[in-house]
Structures are given as C-alpha cells and as structure tokens.
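Turn this into a structure:
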Amino acid sequence: MKNITVMFLFLLIFFQIFPQSKKQNLNSMIATKYAFVSAAAELGTCDAFLKFIADDGIIFRPNPINGEFFLTTAPKRTGLLTWFPVHAEI
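Numbering: from 1, shown residues only. Below is the predicted model:
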C-alpha cells in the first residue's frame, strides 16, 4: 500500500510540473519566432537568418550545407520576409 501511495504522489507531482515546463518551452519557441520576424523587418531576411541560425545549422539548397557558410557566401537578395506562427507544438 505504501508503494502505491508513493507512486500516486510521484505521478501527481510529475503531471503537475511537466505541462508547465512544456508550456514554457512552447511560449519561448513562439517568442523566438516573433523575434526572428522582427529582425527580418529590421535587418533584412539574410541577416535575420544569420542572427538566429545555430553554428551547426543546416540549410538545404537543395542539398544540405552549413547554414552560416551559405548565408555569408550567397548573394544577398532583396525582399522582405513576413509571417507569423499560426500553430505551434513541442
């Protein structure tokens, strides 16, 4: 009976903590997406990608290539990228 009580308490605590952590991660991801869109409007699309891409980020053009290398060596294009997330999941 003691094991069942301990397991019940563990599950109760786990399910109380996990959804909050997941929600914080989701909100952080959405905030980052909006920050990227703002950077694209301010800096331009290419520079926004450079600001947000990971050092080991990969871009497919059409084959995989290091994103930072591609963005720094490819010719700059004009135009404005505007978008916003409609649905997000983690």
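
drop to CA atoms for contacts and neighbour counts, all remaining ones
OK.

what's the distance between the spatially most central residue of the chain and Lys23?
In the chain, the centroid-proximal residue (CA atoms, centre = their mean) is Met29; its distance is 4.5 Å. In this structure, Met29 and Lys23 are 10 Å apart, going by CA to CA, to the nearest Å.

Ok, Arg77 next?
Noted for Arg77: a distance of 36 Å to Lys23, by CA to CA.

quick one: pLDDT of Gly44?
pLDDT recorded at Gly44 is 89.

Confirm for me that it is in contact with Leu80.
Yes: with contact defined as CA atoms under 8 Å, Gly44 reaches Leu80; the gap is 6.6 Å.

what comes up buried for stretch 50-59?
Going by neighbour count (16 or more other CA atoms under 10 Å), the buried part of stretch 50-59 is Leu50, Ile53, Ile58, Ile59.

circling back: and the residue nearest to the centre of the chain, what helix or strand is that in?
Secondary structure from DSSP states H and E places Met29 in helix 2-43.

same for the next helix-or-strand element following that helix, what does it pack against?
Moving toward the C-terminus from helix 2-43, the next helix or strand (DSSP H and E) is helix 45-52. Packed against helix 45-52 by the contact rule (3 or more CA pairs under 8 Å, 6 or more residues apart in numbering; DSSP states H and E) you find helix 2-43, helix 67-73.
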